[in-house]
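# Test case, fold it:
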Amino acid sequence: MKRHSHHATGRTRLSRRVAALLAVAGLALSGCAAAGGTEGSSGSTPVRGGVLKYRAAGGGKSFDPATTTGYGLAVPVRGLVDSLVFNNLDGTFAPWLATRWTVNDNATRFDFTLRDGVTFSDGEKLDATAVAASYQALRDGGAKYAVANQWIGALRSINTPDEHTVVFDFAKPNSSFLQSASSTVLGIVAPATAKLPFEKRQEGMGIIGSGPFVAAESRGEEGYTLVRRKDYAWAPAPAKNQGPAYLDKIEVHNIQDNSIAAAELRSGGLDLLHNTEPADKTEFASSTEITIRREPLPGSALGFAANIEQPGLDDVNVRRALALAIDRDAVLRRASAIDILPRSAYTASNPYFTDQSGKIRTDVRQATRLLDQAGWRPGPDGVRTKNGNRLSFTLVYSPSTISHEPNIAVVQAQWKKIGIELNFGSLTQAELNQRLQSGDYSFSWGSGTRPDADVLRSTYGGLDPELDAVFAAILAEPDIAKRKVLAAKASGIVLDKAYYIPLYDFIQPLAYRDSTHLPLFEATHIPWLGDAWVDKK
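So this is what the prediction gives:
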């Protein structure tokens, strides 16, 4: 055993992509650092006590980790639940609830040895049976826990040979499971929580974990409060603070308006917030009082995912022409000062990123030649036609994407110059789901926010036998270095065949006052709040 410590078509293809795109919608509402996951202000002396006031965008009354898949919502929820392993910023893993683990040669079996002495906040012991129950509750919930079950994968069985050992067996290779097991989504909940029906778990106060904070108050749609757990003593290995959290409380405020939240941060009414409008991102980037993270969330770049069953998009040369016709520098001039050019199908902060800038370029003349060669000729209104079809496309997205519309309009104008029409506009979530399910769209908008090589498969699996073979190889390879080589190959195919047209690496950041200190970040870019503190005012 290896020890790793410290072709579908038609409706089948469409159903896979719909599930993936809906998952992406949930995930992507979503500075250089050391390999161990530390960053920034760790050189200061920690302050004990105090309250961290955090703004979450788009939150409701639920703080169930298994359904809190949006990045910003997961930041405080991470304080409630621990995970089996900790995922460092460089993609490696460190002990947490599991002190060691083994993965077999084809990544179909994962054995975890659990730490002794861990308890949930209700006093119950965390053992192998409790871990198995936490996972089994998600499996039993089925589609209600769609993202969690997608990440768990083809799990065949969970076995508990003794109280300190839990074994996961899979029906097919799943090398991404270790990253899944490090996530907040799969954070371990107490048996009392695992027994609750789905609806009860969404009411908030029933969430019991082993984390450094405990849910103390729910204010319904307005937010909730977490308080420090005084006997916490099992932080992830990279954390300098192995005891109780420095903070006394975390107050979570569900402020829906980005501008109001930004004003609260400026005034000191908030210490930390997720997501800002482009103008605020630009301002905060040069502020002397506010820090803003400049790295994109680790996953895939933000852009257009093509529905290759649509007329025109079923031709690789048309898709290539569309990609070549985009001047991304012009697009970024309409975005904030800190968004960056894409250099891969993966974002630059994904541990599996390899620079493939040469595959993402602008060449309008070549784009025009490809369209001519494909038989698309300018029509009377300037839009190219072929066999009675107009080269007219529709981009669909949810209201959360409205702030990107000025940038999309730049692409619309660039495509218009070479005879391509792009229509776009936001849909309600129900309307978006219906359009994705029916296939009545040309492009979907979004990105993935998972720091793993497998993030592309969820959207592009089933499109291409060559690509599917690479995805299968990634899942069967536990070695991180070898997975990175395979990830570069997958990204190259996606870009070369223009299944995806990346526009930019979007910075959907955390912004925080300089009195707020966040020494440790996971690979997901979620801060470990057991190490966080705020300066005394």
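
# Could you point out the helix or strand that follows the helix or strand of the chain with the lowest mean pLDDT?
The weakest-scoring helix or strand in the chain, judged by mean pLDDT, DSSP states H and E, is helix 10-27 (a mean of 43). Once the chain leaves helix 10-27, the next helix or strand it forms, by DSSP states H and E, is strand 51-56.

# Partner strands of that next one, with direction?
When pairing is defined by DSSP bridges, strand 51-56 lines up against strand 249-254 (parallel), strand 272-274 (parallel).

# Could you point out which of those strands sits nearest residue 154?
Closest to residue 154 of the strands paired with strand 51-56, according to CB to CB: strand 272-274, at 32.6 Å. Backbone N, C-alpha and C define where each C-beta goes, glycine included.

# Show residues contacting that closest one.
Outside strand 272-274, the residues that touch it by CB atoms under 8 Å, 6 or more residues apart in numbering are 52-57, 71-72, 75, 255, 261-262, 264-265, 508-513, 516, 518.

# Averaged pLDDT, that strand. What do you get?
Mean pLDDT, computed over strand 272-274, is 93.

# Of all the strands paired with strand 51-56, which one comes closest to residue 370?
Residue 370 lies closest, by CB to CB, to one member of these: strand 272-274, at 40.5 Å.

# ok, residue 390 - contacts?
379, 383-384, 421.

# Identify the residues contacting residue 377.
Residues in contact with residue 377 (CB under 8 Å, 6+ apart) are 384-386.

# Identify the bridge partners of it.
Listed beta-bridge partners, residue 377: residue 385 (assigned using DSSP bridges).

# Angles on the backbone of the closest residue to residue 535 other than its chain neighbours, please.
The shortest distance from residue 535 to any non-neighbouring residue, by CB to CB, 6 or more residues apart in numbering, is to residue 515 (4.1 Å). Main-chain dihedrals, residue 515, degrees, to the nearest 10: phi -80, psi 0.

# mind checking how far residue 515 is from residue 288?
According to CB to CB, to the nearest Å, residue 515 stands 12 Å off from residue 288.

# Of those two, give the one with the bigger neighbour count.
residue 515 (16 against 5; other CB atoms under 10 Å).

# from memory the more buried one sits against residue 291, does it?
No: using CB atoms under 8 Å, residue 515 makes no contact with residue 291, being 10.1 Å away.

# Show me the shaky parts of this structure.
Within the chain, the stretches with pLDDT under 70 are 1-43.

# measure the residue positioned nearest the centre of it to residue 413 for me?
Closest to where the C-alpha atoms of the chain average out (CA atoms, centre = their mean) is residue 449, at 2.0 Å. Distance, residue 449 to residue 413, by CB to CB: 29 Å.

# Can you show me the strands along the stretch 201-350 of the chain?
213-218, 223-228, 249-254, 272-274, 290-292, 302-306 (DSSP state E, counting those that start in this stretch).

# With distance to residue 463 added, can I get the ones you listed in JSON lines?
Formatted as JSON lines, the strands of the stretch 201-350 of the chain follow (distance: least, CB to CB, whole Å):
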{"stretch": "strand 213-218", "distance to residue 463": "42"}
{"stretch": "strand 223-228", "distance to residue 463": "41"}
{"stretch": "strand 249-254", "distance to residue 463": "38"}
{"stretch": "strand 272-274", "distance to residue 463": "32"}
{"stretch": "strand 290-292", "distance to residue 463": "36"}
{"stretch": "strand 302-306", "distance to residue 463": "9"}
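
# export those strands to TSV and tack on distance to residue 148 and mean neighbour count?
Converted to TSV, those look like this (distance: least, CB to CB, whole Å; neighbours: other CB atoms under 10 Å):
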stretch	distance to residue 148	mean neighbour count
strand 213-218	20	19
strand 223-228	21	22
strand 249-254	21	21
strand 272-274	21	26
strand 290-292	30	21
strand 302-306	22	26
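
# Now do the same contact list for the residue nearest to residue 535.
271, 534-535, 537.

# One more pass at 10 Å, please.
For residue 515, the contacting residues are 41, 47, 50, 268, 271, 289, 533-537, by CB atoms under 10 Å, 6 or more residues apart in numbering.
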